[in-house]
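*Asks:* what follows is a predicted structure for the sequence shown.
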Amino acid sequence: IYLSYGRIKIVKYQSHWNRGGNFFNPKYFPPPLFFNSLSKITLNLRDAVNSFNGKGNHFGKKIIIKEGDMRKRTLLIGLATLVFASSVFAYSHVIFLSTIKYSGFNNISDNIYIDPEIKKTEYKRIFSLLDKSKSRIINKFGSFTASPVIVVTGTPENANKYGLGTFPGKAFAAPWQEYVVINHQVHDINLMAHELMHAQLREILGYWAYQTKIPTWFDEGIAMQVDLREQYDVDYQSFSQQELNRVKTLNNPSKFWTSSKEQDIQNYRTAKAAVQEILTKHSPKELYSMLLKIRQGEKFKSIFNLNYKT
């Protein structure tokens with residue numbers, strides 16, 4: 001970001017974009033610690049204004065802002081507008097998802113919307129996979145009570161519009177609704193069950209507790225319990241305690257997802273193993289009642305008897 005107003009120049013603020021998780025993480029709206037992050041931006045910009053020497057080539061000397069109140073207000077309004085516009089751009093897919101009923105997608109049943117480019121002969125297969133995915137969750141954890149809006153895209157353009165990009169599937173959380181978006185070209189029961197499990201966790205925990213109290217490694221590790229792809233077939237006993245402790249430090253999206261596909265796969269595998277170990281001490285059928293206690297205010301670590309450093 002480069003702004004200039006009178007003699008005040010604010011030189012660059014960079015958001016940390018990467019493949020999976022970041023400040024503008026497309027999986028969350030608002031993202032974890034969204035308002036704290038905005039506060040950090042405000043502080044960074046204020047510090048830049050206070051430290052810039054007015055010559056445009058280095059920092060270090062404080063300047064006195066002598067512009068009148070109107071100019072200061074104009075600057076603040078400009079900064080607020082810039083942050084707001086950046087947020088709208090980053091979360092445009094959530095806006096599109098919120099208005100999916102007006103999009104031209106076919107509303108087939110309940111909250112299921114299918115891209116008009118997908119042939120109707122494919123609908124039966126989509127419904128079958130959804131039913132099998134929900135059954136897998138029920139068999140593992142006892143029930144499936146979430147009611148996410150499910151969007152199945154059929155073109156790269158719509159995949160981008162609704163937040164998928166090149167990913168096969170994603171779950172999005174907004175304060176008012178959960179959304180599951182699936183790419184029809186690459187979907188299968190493992191993918192659907194994985195994303196639906198994210199929606200189930202948010203349904204039980206509620207939006208705020210999910211965003212602030214559940215570490216990313218646990219969120220992904222739980223979803224991986226119903227994801228039976230061969231490359232994620234793990235036994236926690238084959239993992240070193242050091243590796244299990246490592247993944248438990250990945251408590252937010254920016255730590256869990258990296259720029260390396262191989263590392264991301266390893267993080268998923270280890271997260272699945274770490275949760276698998278927890279579920280040997282607590283029955284999977286007890287999971288929902290334990291999560292409800294977190295929603296009611298108890299600490300994540302104390303509920304699962306965990307003792308590790310983050």
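*Replies:* Thanks, I have it. Numbering: from 1, shown residues only.
*Asks:* from now on I want contacts and neighbour counts done on CA atoms only, so please keep to that.
*Replies:* Will do.
*Asks:* how about the CA coordinates for stretch 203-220, as PDB?
*Replies:* Taking C-alpha atoms only, stretch 203-220 is exported to PDB below (Å, rounded to 0.1, in the frame of the first residue of the first chain):
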ATOM      1  CA  GLU A 203     -22.400 -26.200  14.200                       C
ATOM      2  CA  ILE A 204     -21.500 -27.600  17.600                       C
ATOM      3  CA  LEU A 205     -19.100 -25.000  18.700                       C
ATOM      4  CA  GLY A 206     -20.700 -21.900  17.300                       C
ATOM      5  CA  TYR A 207     -18.900 -19.300  15.200                       C
ATOM      6  CA  TRP A 208     -17.100 -17.500  18.000                       C
ATOM      7  CA  ALA A 209     -15.700 -20.500  19.900                       C
ATOM      8  CA  TYR A 210     -14.700 -22.200  16.700                       C
ATOM      9  CA  GLN A 211     -12.800 -19.100  15.500                       C
ATOM     10  CA  THR A 212     -11.000 -18.400  18.800                       C
ATOM     11  CA  LYS A 213     -10.700 -21.600  20.800                       C
ATOM     12  CA  ILE A 214     -10.000 -24.400  18.400                       C
ATOM     13  CA  PRO A 215      -6.500 -24.800  17.000                       C
ATOM     14  CA  THR A 216      -6.100 -25.400  13.300                       C
ATOM     15  CA  TRP A 217      -4.300 -28.700  13.800                       C
ATOM     16  CA  PHE A 218      -7.300 -30.100  15.800                       C
ATOM     17  CA  ASP A 219      -9.900 -28.800  13.300                       C
ATOM     18  CA  GLU A 220      -8.100 -30.400  10.400                       C
END
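*Asks:* tell me the buried residues in it?
*Replies:* Across stretch 203-220, burial judged by 16 or more other CA atoms under 10 Å covers 203-207, 209-211, 213-220.
*Asks:* show me which residues of stretch 254-274 are buried.
*Replies:* Applying 16+ other CA under 10 Å to stretch 254-274 flags 254-258, 264, 267-274 as buried.
*Asks:* mind listing what the closest residue to Lys285 other than its chain neighbours touches?
*Replies:* Spatially, and ignoring its direct neighbours in sequence, Lys285 is nearest to Phe141 (4.7 Å; CA to CA, 6 or more residues apart in numbering). Phe141 sits next to 284-288 when contact means CA atoms under 8 Å, 6 or more residues apart in numbering.
*Asks:* which one of those is nearest Glu178?
*Replies:* Ranked by distance to Glu178 (CA to CA), the contacts of Phe141 are led by Tyr288 at 17.5 Å.
*Asks:* and what about the closest residue to the closest one other than its chain neighbours, helix, strand or coil?
*Replies:* Leaving aside its sequence neighbours, Tyr288 sits nearest to Ile204 (CA to CA, 6+ apart; 6.9 Å). The local conformation at Ile204, judged by DSSP: H, G, I helix; E, B strand; the rest coil, is helix.
*Asks:* confidence score at Ile204?
*Replies:* With respect to pLDDT, Ile204 scores 96.
*Asks:* about what we covered before: among the contacts of Phe141, which are in helices?
*Replies:* 287-288 (DSSP state H).
*Asks:* nearest to Gly104 among the contacts of Phe141?
*Replies:* For these, the nearest to Gly104 is Tyr288 (36.3 Å; CA to CA).
*Asks:* can you tell me how far the closest one is from Lys140?
*Replies:* From Tyr288 across to Lys140, the span is 11 Å (CA to CA, to the nearest Å).
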